[in-house]
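K.L.:
Just to be clear, the model below is a prediction. Sequence and coordinates:
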Amino acid sequence: MKMNQQGDSWWTHFWATLTALASAAGLTTEQWIYVLCAIFGAVLSFNSYRNNKRALKARQIQDEKRTNALQAYLAGRKNNSAVDPATVAGEVKNVIGELEEADH
């Protein structure tokens with residue numbers, strides 16, 4: 001007759017294996033917590049780096065689109081020297097506003 005009348009479950013074997021590995025590695029529970037926190041911190045740091053890199057790439061693409069559109073606009077104008085700079089600045093501001101509205 002078995003002392004434990006309940007059937008063995010995978011959960012019992014999982015924890016038995018985990019504690020056996022921990023004791024074989026010679027690490028205490030506190031040290032395992034430090035290891036897990038270090039791994040979590042590394043993953044968090046890597047994800048932050050990757051997301052920041054994506055955001056910077058998207059910003060660079062938007063800046064390049066804006067620059068190309070302004071270059072095309074200014075290249076298409078005739079006799080730029082005869083135009084008042086304030087008028088050109090206002091037109092450029094309108095073009096940038098239209099580009100930002102188109103992006104959203």
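P.N.:
Everything's here; your move.
K.L.:
quick one: what helix or strand has the spatially most central residue of the chain in it?
P.N.:
By C-alpha atoms, centre = their mean, the chain has its centre lying nearest to Asn51, at 1.3 Å. Element membership of Asn51 [criterion: DSSP states H and E] is helix 29-76.
K.L.:
Low-confidence stretches in this structure?
P.N.:
1-8, 78-83, 103-104 (pLDDT under 70).
K.L.:
again, only using 90
P.N.:
Applying pLDDT under 90 to the chain flags the ranges 1-33, 35, 62-63, 65-104.
K.L.:
before we move on, back to that, same for the helix holding Asn51, what does it pack against?
P.N.:
helix 85-103 (3 or more C-beta pairs under 8 Å, 6 or more residues apart in numbering; DSSP states H and E). In short, each C-beta sits where N, CA and C put it, glycine included.
K.L.:
Can you tell me what sits against the helix it packs on?
P.N.:
The contact list for helix 85-103 (C-beta atoms under 8 Å, 6 or more residues apart in numbering) reads Gln62, Lys65, Arg66, Ala69, Leu70, Tyr73, Leu74, Arg77, Asn80.
K.L.:
can you tell me which two in those residues are farthest apart?
P.N.:
Greatest spacing in the contacts of helix 85-103, by C-beta to C-beta: Gln62 and Asn80 (25.4 Å).
K.L.:
neighbour count winner among those two?
P.N.:
Taking neighbours as other C-beta atoms under 10 Å, Gln62 and Asn80 compare with Gln62 leading, 13 against 10.
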